[in-house]
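# please find the sequence and the predicted model below.
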Amino acid sequence: MENEKKALRLEMMRTRIALPPSQKQSLDKSLEQQAIALINKLSARCIHIYLSLKGEVNTQGIIEYCWDNNIKVVVPETLKGGLLRHLEYQRGDELTTGTFQCRWPINGMEHQGNLDLIICPGLAFSKDGARLGYGGGYYDRFLIQHPKAWKAALALPFQVFPEVPSNKHDCKMNEVLIAQPD
């Protein structure tokens, strides 16, 4: 199973990077609109979202929508040992870069409260919510601590499969938003 996961991860990263920029931008915009609709549907007041890395779905528009609508934004800081720390992110915060080239606010206050919505990164997804991440288990350990939060993933069309390899400790998404091509 681990070899199957590793091969799928590599294939998804290669395919994602090969997308023409104009097509990627269009798909990102589709997901941004779907994520904003989900935020509104859930009446979310506090969301946890990743700051996108190269090739990932661009989350900046979603974050700006939240700021413009007084919705608290929390982003992850990657720590050693497969753990995340969760920092409040406000407009104008200076970012630093650390483990895996992830970014987070230098002076972000640690968030201790509830989360209404968690938007997760990933490389492959099944329509029933299985998620193949990057292999460190960071999000699986985090998601289990927030059973009441709605968990959603942003997927490019080629990242969705009838099923993806998963183990019993892999947390499923409540919803996988799939970009709609123009």
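That came through fine.

# who's in contact with the closest residue to residue 28 other than its chain neighbours?
Excluding its sequence neighbours, the residue lying closest to residue 28 (C-beta to C-beta, 6 or more residues apart in numbering) is residue 58, at 4.4 Å. From N, CA and C alone the C-beta is placed, and that goes for glycine too. With contact set as C-beta atoms under 8 Å, 6 or more residues apart in numbering, residue 58 has these partners: 25, 28, 32, 52.

# for the first one, give me its contacts.
By C-beta under 8 Å, 6+ apart, residue 25 lies in contact with residue 58.

# how about it, secondary structure?
On the three-state scheme (DSSP: H, G, I helix; E, B strand; the rest coil), residue 25 is labelled helix.

# gap between it and residue 156?
12 Å (C-beta to C-beta, to the nearest Å).

# ditto for the last one
Here residue 52 is placed at a distance of 12 Å from residue 156 (C-beta to C-beta).

# overlap of the contact sets of the two?
By C-beta under 8 Å, 6+ apart, no residue touches both residue 52 and residue 156.

# quick one, helices of the chain?
Ranges of helices in the chain, per DSSP state H, are 2-18, 21-42, 60-68, 138-143.
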